[in-house]
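J.: coords please:
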Amino acid sequence: MTRRLAQAAVLLAISAAPLQGQVRVGLSAFVGGYLPTNDLFNSVRLRPDTSSAIIFNLGLEPGLLIGGRLTVRFSRLSVEAEAGYAFSSLDIPNVLVDAGASDDASVVLGSVNALYDIIRAAFSPLSVYLSGGIGFVARSGDFLRTLEGTTDLALAFGGGFRYGLSPTTFLRVDIRDYISSFAPRARGGFQFDSMAQHDLIGTIAVEFSLSPTR
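T.: Numbers count the residues shown, from 1 in each chain. From the prediction side, this is the model:
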């Protein structure tokens, strides 16, 4: 009986090994660039009670982006969560900055995405994938903290490639577009017009697999 149980345990372990190899967990840290492509406000008016008010568009500047990802891979399909922090600033006229106005700003982005390998190069550790998911964009800064509703739900679409440097280490390059609608409210209750936003991020990362590729 003991011998039969031992044989059964060996057979179970052998049959389960390929299944375990199909699911891999990866951790990665990335650095890259943040590129907002739309203004946050259209025709912001300073001192609206006067006819000589300064009118200008207000947006965010490109900046450095850092963050990380947790990825679970099922053969060609993967699911991952990512979060990033962008160092940015407000794009306001220099005359206002010289007068003491703060252009401090930052952006936090996060999403849960599904990735699918559309290309797996033969005899090469290279894969090319598309991604899509849902997340959020949170904008902050001295001026933006005076408003409400500066965190928005977003759709995230993009793609990238992954190249194996070793069985457990991979180089990744990704581009992702966070699509949202920015419509904050002033503390007094005034509702600003909704502005469509496309926040682009481009990243390079090193991913470490917690189980080697099979």
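J.: This structure: helices as residue ranges?
T.: With DSSP state H as the criterion, the chain has helices at 2-22, 94-98.
J.: mean pLDDT lowest for which of the ones you listed?
T.: Among those, helix 2-22 carries the lowest mean pLDDT, at a mean of 45.
J.: Looking at strand pairing, list the partners for Ala114.
T.: Val79, Gly132 (DSSP bridges).
J.: Could you shift the numbering so residue one becomes 422, and keep it that way?
T.: Understood, numbering begins at 422; the last thing we discussed is Ala535.
J.: show me the contacts for it.
T.: Ala535 sits next to Leu498, Ser499, Val500, Ser552, Gly553, Gly554 when contact means CB atoms under 8 Å, 6 or more residues apart in numbering. Where you see a C-beta, it was placed from the backbone N, CA and C, and this is true even at glycine.
J.: Give me the buried subset of the residues you listed.
T.: The neighbour count (16 or more other CB atoms under 10 Å) marks Ser499, Ser552, Gly554 as buried among those.
J.: Can you read off the pLDDT for the last one?
T.: The predicted local confidence for Gly554 comes out at a pLDDT of 98.
J.: out of everything not next to it in sequence, what's closest to it?
T.: Asn534 (3.3 Å; CB to CB, 6 or more residues apart in numbering).
J.: pretty sure that neighbour contacts Leu551?
T.: No: with contact defined as CB atoms under 8 Å, Asn534 does not reach Leu551; the gap is 9.9 Å.
J.: Give me the more crowded residue out of these two.
T.: Shown here are Asn534 and Leu551; by other CB atoms under 10 Å, Asn534 has more neighbours (22 against 14).
J.: ranges for the strands of this structure?
T.: Using DSSP state E, the strands of the chain run over 444-457, 462-466, 476-481, 484-495, 498-512, 525-541, 547-561, 568-569, 572-587, 590-603, 606-607, 616-630.
J.: mean pLDDT for these: which is lowest?
T.: The stretch with the lowest mean pLDDT among the strands of the chain is strand 462-466, at a mean of 67.
J.: Turn the strands of the chain into TSV, including distance to Val518.
T.: TSV is the format used below for the strands of the chain (distance: least, CB to CB, whole Å):
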stretch	distance to Val518
strand 444-457	18
strand 462-466	15
strand 476-481	12
strand 484-495	16
strand 498-512	9
strand 525-541	11
strand 547-561	18
strand 568-569	19
strand 572-587	25
strand 590-603	22
strand 606-607	22
strand 616-630	22
